[in-house]
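**Q** Predicted structure and sequence below. I'll ask about it afterward.
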Amino acid sequence: MLVLFETAAGYAIFKLLKDKKLQETENLFQDFVSAESASKIVKLKHFEKFADTTDALGAATAAVEGKVSKPLRKLLKKLVSKDAQEQLLVADAKLGNAIKEKTSMNCISNSNVLELMRCIRSQADGLIGSLPQREMAAMALGLAHSLGRYKLKFSPDKVDTMIVQAVSLLDDLDKELNNYMMRCREWYGWHFPELSKIILDNIVYIKSIRLMGMRTNASSTDFSDLLPEEMEEQVKEAAEISMGTEISEEDILNIHYLADQVVEISDYRTQLYEYLKNRMMAIAPNLTILVGELVGARLIAHAGTLINLAKHPASTIQILGAEKALFRALKTKKDTPKYGLIYHATLVGQASTKMKGKISRMLAAKTALAARVDALGEESSVGLGTEHRAYLEQRLRFLEEGGQRKISGGKKSFQFQKYETKSEIRQYPVSADSTAQKRTHTTAFQPPSIKQETEEMEENGEPPPKKKKKKIVLLEEENGDIPEQPEEKKKKKMKKIKAEVVEEAEEVPEGKRKRKKAKAAE
């Protein structure tokens, strides 16, 4: 059996002298304690050395991907012509299948072969012998660095440090340009103050100063390349009646120097922006399409690198740049901020005030995906960013319309009608509890006088009723304030009271009794 052993210096082919040792691998390490004992088990048959690091890297990458490299193919062709019937022991099963397809050689790869490879690796320096140990270590280190760069897909075009520096310089230039322009307006305003109110654009204002110089030269200066005709006429009219002070030639010369610096910085700023735009499209194309060049570059600069930005979750990207507001809100127990640097993206700017928080949250989620694809993806395509941007624009349009969509085939949009429940409250009629019959007449009851009763009784031939005696209600008896009397007197008094009550009941006529009963029933 033949053994294919891969090293950083080249390919080694060993001859397995004792095939039975492959079946008994439990104590195989005892036979590889020294180089002499190992040489009794395996013997070096051929060693193919790599020409340089490039060949070594190509062979290593091919082995990782399960392919057969050119040096290995040439070596195996020699072996096939000599020992066609030999079996080849390979550590990687994928590589063994590829060799079998190319050379029709029988390849074996299992756990026993892996144990044999470990034992050979422990005594590789003594078994190969043609290379010193220092040279082998140096070649292994160089191959490790080259293979690491290959796995990380290292490329100088993917360096995001240039983006961080460019966007920082761009922000500094904007601040300096603003200061210079305000200083130039204020300085020249002493001589021609009306010009700053007529020309609002800073760059056009600076170029007009350079072209005109003193305000007395305004009438003879041609502003057609810079200003429209109406504005040019206003400038010339204002120059004739200007209330500014007179300045010397030396003063206007220094103002011209400042104006030249402003124009140069503005041109360099435009050039730097184009450079930043190209670098962003090369390094993070999907991120650039989603949020724009400046916002994407500021996100990368704030995170440090594109890899660090890809590690952040969407919730962190949403508030990236608003750390002070976040910690202040957490300290005071108020609402946390909804957006940070992502607020300056075009999609968030297009949304209404109510929808900005929702759109920034959705945009941050898609930005996190785009950053991961740009940082870790093998292919640099813009398909993901374009798809996500189209989805976000459609979603924004849907939310701005209030969630209403048109029905297919209809001209008018469907409008949802508001549903309101109308509950009827029924009250229990209290009058239903009364069992007495209701009176038919509406006039109030007026009791008949005593004279009317007596006249009616005389007409009917009935004797007139006797006069009623007044009832004496003794409250003192109820309260218990009656002085103590003998029991016989008390009994006589109670009998008299009862007799008076009975007489009064007899004296009341029957007609009056009926009226009293009816009144009581009401």
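**A** Good, I have the coordinates. Residues are numbered from 1 along each chain as shown.

**Q** Nearest residue to residue 55 in space, please, no chain neighbours.
**A** residue 71 (6.4 Å; C-beta to C-beta, 6 or more residues apart in numbering). No exception for glycine: its C-beta is placed from N, CA and C like everyone else's.

**Q** ok, the one you found - contacts?
**A** Residues in contact with residue 71 (C-beta atoms under 8 Å, 6 or more residues apart in numbering) are 10-11, 48, 50, 55, 59.

**Q** Then residue 146?
**A** Contacts of residue 146 (C-beta under 8 Å, 6+ apart): 53, 56-57, 60.

**Q** mind checking pLDDT for it?
**A** pLDDT, residue 146: 75.

**Q** try the one 5 residues further on
**A** Residue 151 carries a pLDDT score of 63 in this model.

**Q** so what's residue 319 up against?
**A** Contacts of residue 319 by C-beta under 8 Å, 6+ apart are 326, 336-340.

**Q** ugh, typo on my part, it should be residue 12
**A** 4-6, 44, 46-48, 124, 127-128.

**Q** check contacts around residue 342.
**A** Contacts of residue 342 by C-beta under 8 Å, 6+ apart are 291, 295, 299, 317-318, 320-321, 348, 360, 363-364, 367.

**Q** and the gap between it and residue 258?
**A** Using C-beta to C-beta, to the nearest Å, residue 342 is found at 37 Å from residue 258.

**Q** what does residue 164 give?
**A** In terms of C-beta to C-beta, residue 164 sits 31 Å off from residue 258.

**Q** Same question for residue 91.
**A** According to C-beta to C-beta, residue 91 and residue 258 sit 73 Å apart.

**Q** What is the burial count for the closest residue to residue 213 other than its chain neighbours?
**A** Among residues not flanking residue 213 along the chain, residue 252 sits closest, at 5.6 Å (C-beta to C-beta, 6+ apart). Other residues near residue 252 come to 17 when the count uses other C-beta atoms under 10 Å.

**Q** Tell me which residues touch the nearest residue to residue 29 once chain neighbours are set aside, please.
**A** Residue nearest to residue 29 in three dimensions, not counting chain neighbours: residue 119, with 5.8 Å by C-beta to C-beta, 6+ apart. Listed by C-beta under 8 Å, 6+ apart, the contact partners of residue 119 are 28-29, 31-32, 38.

**Q** most neighbours, which of those?
**A** Busiest of those [other C-beta under 10 Å] is residue 32, holding 22 neighbours.

**Q** Let me see the contact set for that one.
**A** Contacts of residue 32 (C-beta under 8 Å, 6+ apart): 38, 41, 119-120, 122-123.

**Q** Closest to residue 230 out of the contacts of residue 146?
**A** Ranked by distance to residue 230 (C-beta to C-beta), the contacts of residue 146 are led by residue 57 at 69.4 Å.

**Q** which residues of the stretch 101-250 of the chain fall in strands?
**A** Secondary structure of the stretch 101-250 of the chain (DSSP state E, counting those that start in this stretch): strands at 107-108.

**Q** I misspoke; the intended subject was the chain.
**A** 2-6, 10-16, 42-49, 88-89, 107-108 (DSSP state E).

**Q** what angle separates the third one from strand 10-16?
**A** Spelled out, it's strand 42-49. Orientation of strand 42-49 against strand 10-16 (axes from the mean of the first three to the mean of the last three C-alpha atoms, to 10 degrees) gives an angle of 160 degrees.
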